[in-house]
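A structural model of the following input is requested.
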Amino acid sequence: MFQRKKIAIDLGTANTLVWVAGEGIVANEPTVVATSVDDNKIVAVGIEAKKMLGRTPEALIANRPMREGVIADYSATEAMLRYFVSKAGGSKFFRPDVMVCVPAGCTQVERRAALDATLSAGAAHAYLIDEPLAAAIGAGIPVSAPSGHMIVDSGGGSTEAAVISLGGVVVHKSARVAGTKLDEAIINHLKKKHNLVIGDTTAEDIKIKIGSAIKLPKEEKLEISGRDLVFGLPRTVTVTSTEITEAMRPALMLMVGAVKAVLEDTPPELASDIIDKGIIMSGGTSSLRNFNKLLTEETGVPAHVADEPLLCVVRGTGLVLENIELWKRSVTTKG
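Predicted coordinates:
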């Protein structure tokens, strides 16, 4: 009997990861699409398109089709999904089953858009799963147990905090603040303090190299180049880790706010479980230096970063797709 290929996709604001049953993770590329202005044709997707960000001539546009965890540009997202589905081995004749994860806080309209885009991209059946649940499963949390577990999944566009028990989400809050907003905070800070204009890629670089959620005991410095706001010429400045921490603080506190809001709404029985087990962090932004320490300081609950935090969501989505019969209650489907 012919078995359909099963593909799980973590469609993130910053990165898209693709998992195929029996093969594991086959792609991990930036969520960027480059299109030509004249005929709106897709020129490049993923790594190739990211290299073009901020460097395109007039005839090309490179942009991110996902914003704050949801679809912002439908046709570009559909083209990107088609690229990833064919990369994972799907074809016109053998349409695969595809599962995509979405933020728990997204609306019915946003969910329908994700299902439709997945079907148009060549899926036989499209499934959706809530990101926090997928992240918890991928982080190895026993989600079906009758005890509370807290997951904080912080990616590029959104931070999802959720308490999970008996295979479902009990309480969740979604803050549309994550890695991208931290980059924006760094860009704005350099504009205000140093009169320097930098691009997204440079901002992300600063965040990775000297960024920290809490003040570092030993200050670090980094030389960066950009365009002078006054004279319009290239210029190099030195930034410190302390000023970057301060620039990111308002955005980080909004993320912490979502976690606090979930803890406040958690039923008492589950709250005692969470204090025992702590908070598990996943997603790319959870690897920001000392973010777990900030979360522990602010909430009083120990926070730990999962192993390979970037891969939790796609792994969990894949596990659910492989055992779809067990998870029927937790997924939305079409096709």
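
Give me the neighbour count for H149.
Using other CB atoms under 10 Å as the criterion, H149 is surrounded by 22 other residues. Where you see a C-beta, it was placed from the backbone N, CA and C, and this is true even at glycine.

Tell me the bridge partners for it.
Partner residues in beta bridges with H149, using DSSP bridges, are I164.

OK, contacts around it?
Under the criterion of CB atoms under 8 Å, 6 or more residues apart in numbering, the contact list for H149 reads 136, 141-143, 163-165, 273-274, 277, 280.

and which of those is nearest V37?
The shortest gap between V37 and any of the contacts of H149 belongs to A136, at 42.3 Å (CB to CB).

what's near enough to touch G157?
Neighbour list for G157: 12-14, 66-70, 176, 178-180 [criterion: CB under 8 Å, 6+ apart].

out of the residues you listed, what pair is the most spread apart?
Among these, the pair separated by the greatest distance (CB to CB) is V70 and G179, at 15.4 Å.

Which one's more surrounded, those two?
For V70 against G179, the residue with the higher neighbour count under other CB under 10 Å is G179, and the figures read 26 against 22.

got the domain boundaries for this protein?
For the chain, whose domains are defined here by automatic domain parsing, the residue ranges read 6-133+313-334, 142-177+251-308, 179-247.

Tell me where the stretch 101-250 of the chain has strands.
The residue ranges that make up the strands of the stretch 101-250 of the chain, judged by DSSP state E, counting those that start in this stretch, are 125-130, 149-154, 159-165, 168-175, 196-197, 221-228, 234-240.

Tell me the bridge partners for the residue nearest to T118 when sequence neighbours are not counted.
Nearest non-adjacent residue to T118, counting by CB to CB, 6 or more residues apart in numbering: A126, 3.8 Å away. For A126, the beta-bridge partners are V98, K334 (DSSP bridges).

so how many other residues sit close to N188?
N188 has 12 neighbouring residues, counting by other CB under 10 Å.

For it, list the residues it contacts.
When the contact criterion is CB under 8 Å, 6+ apart, the partners of N188 are A247.

how does it look with 10 Å?
By CB atoms under 10 Å, 6 or more residues apart in numbering, N188 lies in contact with 203, 247.

From R82, how far off is it?
35 Å (CB to CB, to the nearest Å).

Also M255?
33 Å.

What average pLDDT does stretch 262-274 get?
On average, the pLDDT along stretch 262-274 is 94.

Please apply the same query to stretch 233-244.
When pLDDT is averaged over stretch 233-244, the result is 96.

in it, what counts as buried?
The neighbour-count check on stretch 233-244 (16 or more other CB atoms under 10 Å) flags 235, 237, 239, 241, 243-244 as buried.

want to throw those into TSV with distance to V33?
Rendered in TSV, the data for these read as follows (distance: CB to CB, whole Å):
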residue	distance to V33
R235	31
V237	32
V239	31
S241	33
E243	34
I244	29
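
between those residues, which is nearest C106?
Distance ranking of these against C106, using CB to CB, places I244 first at 30.5 Å.

Contact partners for the residue nearest to that closest one when sequence neighbours are not counted?
Once its chain neighbours are removed from consideration, I244 has its nearest residue in G211; the separation is 5.3 Å (CB to CB, 6+ apart). Each residue near G211 by CB under 10 Å, 6+ apart is listed here: 182-183, 186, 203-205, 220, 222, 241, 244-245, 247-248, 288-291.

Please apply the same query to S158.
When contacts are taken as CB under 10 Å, 6+ apart, S158 is in contact with 12-13, 66-70, 102-106, 131, 174-181, 255, 258, 283, 285.

Do you know the pLDDT at it?
The predicted local distance difference test score for S158 is 88.

now do G226
In the prediction, the pLDDT value recorded for G226 is 94.

isn't it right next to K191, touching?
Yes - G226 is in contact with K191 according to CB atoms under 10 Å; the separation is 9.3 Å.

So for those two, which residues contact both of them?
Listed as contacting both G226 and K191 by CB under 10 Å, 6+ apart are 197-198.

Please say which of those two ends up with more neighbours.
Set side by side, G226 and K191 show more neighbours around G226, with 20 against 14, by other CB under 10 Å.

That's all I had, so thanks and see you.
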